[in-house]
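[1] Following is a predicted model, sequence given first.
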There are 2 protein chains.
Amino acid sequence: MKNKQVSEPTLRRLPGYLFFLRKIMDQGIVNISAPVIGRNLNCDATQVVKDLSVTGIKGRPRIGYDTYELIHDLEEFLGFNRTNEAFLIGAGNLGTALMAYQEHQSLGLKIVAAFDVDSNKIGKNIGGIYVLDYNRLFHLTGRLDVKIGILTTPNHVAQDVAEDLVNCGIKAIWNFTSATLEIPDNVIVQNTSMSSYAAVLLRRLSDSGQ
Amino acid sequence: MKNKQVSEPTLRRLPGYLFFLRKIMDQGIVNISAPVIGRNLNCDATQVVKDLSVTGIKGRPRIGYDTYELIHDLEEFLGFNRTNEAFLIGAGNLGTALMAYQEHQSLGLKIVAAFDVDSNKIGKNIGGIYVLDYNRLFHLTGRLDVKIGILTTPNHVAQDVAEDLVNCGIKAIWNFTSATLEIPDNVIVQNTSMSSYAAVLLRRLSDSGQ
């Protein structure tokens, strides 16, 4: 059974709710109302109710939401309580940084192997993850049934690698490069280009005349 | 003289143009037309012309844009040819990863110091950047005239640290936490929460039934 597709802005906000709810759960708060959540997360109560409706859980009058139930259902909805295995392609600076950044696991994402073409990098172990020869990607994706590829290659090879990933059976690409990927519509692409965010930040700062 | 504010989608695309232009420049291509740029970056020529108009440069009929001139003006517009000094707050996993990730420099961003409250981290040098006692932030921001703060603290202290940054005179915050920051409107906030992107990716993958 498939849920109705939830909007990207709502999806982006959901981890914020989850982290807030985990925090208050630790403080022993077992029920919380939408207006209180909203005040803490700096958005209005109507938005909170709408966002949290994706879980199917409703707050009760004068009591609010059950904190534990809400955490459980948000984790379930976001897939953060499962282990989603991923391959990382490109063990350069950003790739290495992401391998060392273990918080992915709390997002339900586990990098099981990294791939590179550079013989100086192949065989290294970074944060418990081995860098393998890029040519082994084709063989291993099928065998391990990995669905997610994290793309941290140089920009100019990103398109070629993305096509390889699709041919290997990868169903979702987290694209950290600045390349615009042209791949089949049934493959999910999430763009997170550091340079794009830097561009917005620096230009806004410049615009503000500060 | 201030430029008209450019939309966020355009700003986000500009680094992509810049990287593509640098690549073809290396290949000796000194002129390029909007349709060719569009074909390479997977967007239509009208969008290319509109996006690149922020530089004030116009393509000439049958010749196109001057590659070098376009690169220069894009770098100038984005501030990538300047050194924008930044402080990083929170030398945990993500903070450390960002410190080790030297590509920031090609974005015109230079982390000059990191700050933490953990005495085990204070004094360490990561990627050439020292981790300093958080209490020194107040003194150093004013003295060094740093305008940008990179926020990589745990979520539950993000708001407090953001307020400290504002009080120190920081004018732009690159927020890598999942916290929604409530700070004065004249301070620029760029949100780049890894968990938000992971949420979108994992949910879309789940929606697709793959």
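    Ah, there it is.
[2] longest strand in chain A, by residue count?
    The longest strand of chain A (DSSP state E) is strand A:109-116.
[3] Over to the most centrally placed residue in chain A: give its phi and psi.
    Centroid-nearest residue in chain A: A:Leu107, 6.7 Å away (criterion: CA atoms, centre = their mean). Note on A:Leu107: backbone dihedrals following degrees, to the nearest 10 are phi -100, psi 10.
[4] Next, the nearest residue to it once chain neighbours are set aside: secondary structure please.
    Excluding the flanking residues, the one nearest A:Leu107 by CB to CB, 6 or more residues apart in numbering or on different chains is B:Ala198, at 4.0 Å. Every residue, glycine included, has its C-beta placed from N, CA and C. Under DSSP: H, G, I helix; E, B strand; the rest coil, B:Ala198 falls in the helix class.
[5] what are the ranges of the helices in chain A?
    All helices of chain A, identified by DSSP state H, fall at A:8-26, A:34-41, A:45-52, A:67-78, A:93-100, A:137-144, A:155-168, A:194-207.
[6] and the last one, C-alpha only, in CSV?
    This means helix A:194-207. Extracted C-alpha coordinates of helix A:194-207, given in CSV (Å, rounded to 0.1, in the frame of the first residue of the first chain):
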residue,chain,number,x,y,z
MET,A,194,27.7,22.3,-1.0
SER,A,195,28.7,24.9,-3.5
SER,A,196,25.1,25.8,-4.2
TYR,A,197,24.4,26.5,-0.6
ALA,A,198,27.7,28.4,-0.3
ALA,A,199,26.6,30.5,-3.3
VAL,A,200,23.3,31.4,-1.8
LEU,A,201,24.8,32.3,1.5
LEU,A,202,27.7,34.4,0.1
ARG,A,203,25.5,36.2,-2.3
ARG,A,204,22.8,37.0,0.3
LEU,A,205,25.6,38.3,2.5
SER,A,206,26.9,40.5,-0.3
ASP,A,207,23.4,41.7,-1.2
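[7] so where is chain A shaky, pLDDT-wise?
    Counting by pLDDT under 70, chain A shows low-confidence ranges at A:1-4, A:102-105, A:210.
[8] Which residue ranges make up each domain of it?
    Using automatic domain parsing, the domain parsing of chain A gives A:8-78, A:84-197.
[9] returning to what we had before: for the residue nearest to A:Leu107, what are its contacts?
    Residues in contact with B:Ala198 (CB atoms under 8 Å, 6 or more residues apart in numbering or on different chains) are A:Pro15, A:His104, A:Leu107, A:Gly108, A:Leu109, A:Trp174.
[10] closest to B:Cys43 among those?
    Closest to B:Cys43 out of these is A:Trp174 (20.8 Å), distances taken as CB to CB.
[11] tell me which residues form a beta bridge with that closest one?
    Assessed by DSSP bridges, A:Trp174 has beta-bridge partners A:Ile150, A:Gln190.
[12] Would you confirm that it contacts A:Ser193?
    No: contact between A:Trp174 and A:Ser193 fails when scored by CB atoms under 8 Å: they sit 11.0 Å apart.
[13] the more surrounded of those two?
    A:Trp174 (24 against 21; other CB atoms under 10 Å in any protein chain shown).
[14] got a list of what the more buried one touches?
    Taking CB under 8 Å, 6+ apart as the contact definition, A:Trp174 lies against A:Ala86, A:Ile148, A:Gly149, A:Ile150, A:Leu151, A:Gln190, A:Thr192, B:Tyr197, B:Ala198, B:Leu201.
[15] Can I get those in TSV including distance to A:Leu181?
    Listed next are these as TSV, based on distance: CB to CB, whole Å:
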residue	distance to A:Leu181
A:Ala86	16
A:Ile148	15
A:Gly149	11
A:Ile150	13
A:Leu151	8
A:Gln190	11
A:Thr192	12
B:Tyr197	15
B:Ala198	18
B:Leu201	14
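[16] Show me which of the residues you listed is closest to B:His156.
    Nearest to B:His156 among those is B:Ala198, at 19.3 Å by CB to CB.
[17] So for stretch A:110-126, what gets flagged as buried?
    For stretch A:110-126, the neighbour count (16 or more other CB atoms under 10 Å in any protein chain shown) marks A:Lys110, A:Ile111, A:Ala113, A:Ala114, A:Phe115, A:Asp116, A:Lys121, A:Ile122, A:Lys124, A:Ile126 as buried.
[18] what do you get for stretch A:91-110?
    Neighbour counts using 16+ other CB under 10 Å place A:91, A:93-102, A:104, A:107-110 of stretch A:91-110 among the buried residues.
[19] Would you mind finding the most buried of the domains of chain A?
    The highest average neighbour count among those, using mean count of other CB atoms under 10 Å in any protein chain shown, belongs to domain A:84-197 at a mean of 19.
[20] How far does that one sit from its chain's centre?
    Centroid separation for domain A:84-197 versus its chain: 13 Å, with CA atoms, centre = their mean, to the nearest Å.
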